[in-house]
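Student: turn this into a structure:
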Amino acid sequence: MDQSSTKPRIAVYPGSFDPITNGHLDILKRSKYLFDEIIIAVNDNPSKEFLFTVKERVKLIRKVLKDCPGIEVESFQGLLVHYAEKKGAGFIIRGLRALSDFEHEFQMDLMNRKLNSKIETVYFMTNQRYSYLSSSIIKEITKLGGSTQDLIPDLVREKLLEKLKV
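Tutor: Purely as a prediction, here's the structure:
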């Protein structure tokens, strides 16, 4: 088949990314092998409390990924499958750290399939180095004066320290 006639494999990588961690970046790096284009979809849920505003999160992620072709960063509200449809994405990327993540992700996947059976979810097991890592833990460690070396990009660490006034 002629390559020019094949449809690009577009995936959406959704999350709060408050802030983005090296665990998120590891999943993104590994997913680049499977997809032609990845859209990092930063959740703008008005009912959730975030440390960084959605604009700050989008801007920070764009800076961290400035030299990464094939990756877009946007915010979205509403149902993820509706956003994926709008972007022409056939895939959703999700990371799994532990069994506790699986139950929630399984429920979300079943509902997403009910809403749009053409969009597939692709799961990546988190690298063992980051299996305990979450944005919440990063914020807590930072607030309490602990080291986040090798857990978040340097730029993220700077912005986090600035935001928390630590």
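Student: list the buried ones in the longest helix along the chain?
Tutor: Assignment by DSSP state H gives helix 99-115 as the longest helix of the chain. In terms of neighbour count (16 or more other Cβ atoms under 10 Å), helix 99-115 has its buried residues at 101, 108, 109, 112. Quick note: C-beta positions are derived from backbone N, CA and C, even for glycine.
Student: mind listing what residue 77 touches?
Tutor: Residues near residue 77 by Cβ atoms under 8 Å, 6 or more residues apart in numbering: 44, 45, 46.
Student: out of those, which are buried?
Tutor: By neighbour count, with 16+ other Cβ under 10 Å, these hold residue 44 as buried.
Student: will you turn the contacts of residue 77 into JSON lines that also has pLDDT?
Tutor: As requested, the contacts of residue 77 are arranged in JSON lines below (pLDDT from 0 to 100):
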{"residue": "44", "pLDDT": "92"}
{"residue": "45", "pLDDT": "86"}
{"residue": "46", "pLDDT": "84"}
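Student: tell me the one of the contacts of residue 77 nearest residue 153?
Tutor: Comparing the contacts of residue 77 against residue 153 with Cβ to Cβ places residue 44 closest, at 21.7 Å.
Student: distance of that closest one from residue 62?
Tutor: Computed as Cβ to Cβ, to the nearest Å, the residue 44 to residue 62 distance reads 15 Å.
Student: residue 35 too?
Tutor: From residue 35 to residue 62 the distance is 18 Å (Cβ to Cβ).
Student: got it, and residue 36?
Tutor: According to Cβ to Cβ, residue 36 and residue 62 sit 19 Å apart.
Student: so what does the longest helix of the chain touch, helix or strand wise?
Tutor: With contacts defined as 3 or more Cβ pairs under 8 Å, 6 or more residues apart in numbering; DSSP states H and E, the secondary structure elements packing on helix 99-115 are helix 80-87, strand 91-96, strand 120-125.
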